[in-house]
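S.K.: Just a sequence and a predicted model for now, questions to come.
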Amino acid sequence: MPNVFTTRRIPEIGPNKLREQPGWDVQQWNSDDVIPRDRLLQSIKGCDAVLTLLTERVDAEFLDAAGPQLKVVANLAVGFDNFDVPELTRRGVIGTNTPDVLTDTTADLAFALLIATARMLPQAQKYVKEGKWKTWEPLGFRGQDVHHATLGLVGLGRIGGAMARRGAGFEMKVIYYDAYRRRDLEEQYGYEYRDSVETVLREADFVSLHTPLTAETRHLMNAERLRIMKPTAILINTSRGPVVDMQALYDALKNGTIWAAGLDVTDPEPLPADHPLLTLDNCLVVPHIASASIKTRDDMSELAADNIIAVLNGRAPKTPVNREVVEQKGLR
Ligand code: DGY
């Protein structure tokens, strides 16, 4: 009888599908808080599958605690920097993520951050709420134009591509750097490739980060690179917090090296309420909500569950992160 553990309360659609599988024992950490590590390690003992969140490190310790019965770990996220993929692969455990279903919802939020920071929406709302709105002010809240500005994308994968389409809709010029050049998209939509991150930073009015967190991208946006950006430029991060050096960003925003930043992700997460960045009016921070629409979170929950159901029924999961293990096992 397969044992499955889910590490948090998530939209019911996924857990319900797991519970409907005949004879499965489906357990869950039924809380909105992160499961303490020791409870996690205890709870996954003997499991065939674990449905994880980005808050759970899936590493050798996790895999040891689960034991040899473990066949699949399904992450409720497209990003899987919390997975030690080589270790999963070495042990023949399939890892899965939730790409595609969240692409547009995440890009919507990235674009919302872009407009909100450009047009100073948080500052303006605070002003109204504080009763400071006395008249129409020719000099008040003069932000940056979005339309016809240059949108610089670091990463033109699924979400970067969706961001590019949104930019094009606002008649922005879209430039990008990606290790994989997308000539097809350049031809189809007129996006322009730049051969380095630095060139993008130099030219862009808005820089949006769409890169996974790896050893190479950690602190990609450091003091030196922030200095390359225009003083009127805005940085948007919906990727992973550590892609930006937060101290360097604080300095850049405080000193006027760049104009503003909109962050869905931070380092650390959660960002403590007394963090210096939160003292700055030109930094908009939201709590990692880019994929948080009702439908998308349902879709993520369902996809994660479907991946588990596939593997435990001897079929290939829809969205593996280590396809070689799926192939080794001959799953189709
Ligand atoms: C992801 O999917 O990686 C996000 O950060 C959470 O939706």
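M.R.: Received the coordinates, thanks. Numbering: from 1, shown residues only.
S.K.: Could you look up the SS state of Ala261?
M.R.: Going by DSSP: H, G, I helix; E, B strand; the rest coil, the secondary structure assigned to Ala261 is strand.
S.K.: Residue nearest the middle of the protein, spatially speaking?
M.R.: Per C-alpha atoms, centre = their mean, the C-alpha nearest to the average position across the chain is that of Ser239, at 4.2 Å.
S.K.: Quick check: bridge partners of the nearest residue to that one once chain neighbours are set aside?
M.R.: Nearest non-adjacent residue to Ser239, counting by C-beta to C-beta, 6 or more residues apart in numbering: Leu209, 4.6 Å away. Heads up, the C-betas are built off the backbone N, CA and C, glycines and all. With beta bridges defined as DSSP bridges, Leu209 has these partners: Val154, Asn237.
S.K.: could you pull out the strands for this protein?
M.R.: Per DSSP state E, the chain carries strands over the ranges 3-6, 25-28, 49-52, 72-75, 94-96, 150-154, 173-177, 192-193, 206-209, 234-237, 260-263, 283-285.
S.K.: Compile those into a markdown table and extend it with columns for mean pLDDT.
M.R.: Conversion of the strands of the chain to a markdown table gives the following (pLDDT from 0 to 100):
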| stretch | mean pLDDT |
| --- | --- |
| strand 3-6 | 98 |
| strand 25-28 | 98 |
| strand 49-52 | 99 |
| strand 72-75 | 99 |
| strand 94-96 | 99 |
| strand 150-154 | 99 |
| strand 173-177 | 98 |
| strand 192-193 | 98 |
| strand 206-209 | 99 |
| strand 234-237 | 99 |
| strand 260-263 | 99 |
| strand 283-285 | 98 |
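S.K.: What is the burial count for Asn30?
M.R.: 9 (other C-beta atoms under 10 Å).
S.K.: now swap in Gly190 and tell me
M.R.: Neighbours of Gly190 under the rule other C-beta under 10 Å: 10.
S.K.: same deal with Gly155?
M.R.: By other C-beta under 10 Å, the residues close to Gly155 number 24.
S.K.: now it, nearest residue through space, not along the chain?
M.R.: Skipping the residues right next to it in sequence, Gly155 comes nearest to His210 by C-beta to C-beta, 6+ apart, at 3.5 Å.
S.K.: Same question for the helix ranked longest in the chain: list its buried residues.
M.R.: In the chain, ranked by residue count with DSSP state H as the criterion, the top helix is helix 294-312. Within helix 294-312, the residues that qualify as buried by neighbour count (16 or more other C-beta atoms under 10 Å) are 296-312.
S.K.: Stretch 2-21 too?
M.R.: Using 16+ other C-beta under 10 Å as the test for burial, stretch 2-21 gives 2-8, 10-11, 14-15, 17-18, 21.
S.K.: could you list every residue that touches the nearest residue to Val78 once chain neighbours are set aside?
M.R.: Spatial nearest neighbour of Val78, chain neighbours left out: Pro99 (4.7 Å); criterion: C-beta to C-beta, 6+ apart. For Pro99, the contacting residues are Val78, Arg158, Thr319, by C-beta atoms under 8 Å, 6 or more residues apart in numbering.
S.K.: Now, the residues you listed that are in helices?
M.R.: Counting by DSSP H, the members of those that fall within helices are Arg158.
S.K.: Intersect the contacts of Pro99 with the contacts of the ligand.
M.R.: Among those, the ones lying close to the ligand by the criterion of C-beta under 6 Å from any ligand atom are Val78.
S.K.: closest to the ligand among the contacts of Pro99?
M.R.: The nearest member of these to the ligand, counting by C-beta to the nearest ligand atom, is Val78 at 3.9 Å.
S.K.: Now do the closest one, the pLDDT please.
M.R.: The model reports Val78 with a pLDDT of 98.
S.K.: Please apply the same query to the one 10 residues further on.
M.R.: The predicted structure scores Leu88 at 98 on the pLDDT scale.
S.K.: quick one, what contacts it?
M.R.: With contact set as C-beta under 8 Å, 6+ apart, Leu88 has these partners: Val58, Leu63, Val73, Ile94, Gly95, Asn322, Val325.
S.K.: Recalculate using a threshold of 7 Å.
M.R.: Val58, Val73, Gly95, Asn322 (C-beta atoms under 7 Å, 6 or more residues apart in numbering).
S.K.: Which single one of those residues is nearest to Ala179?
M.R.: Within the contacts of Leu88, proximity to Ala179 (C-beta to C-beta) peaks at Asn322, which comes in at 19.9 Å.
S.K.: Report the separation between that closest one and the ligand.
M.R.: Counting by C-beta to the nearest ligand atom, to the nearest Å, the gap between Asn322 and the ligand amounts to 17 Å.
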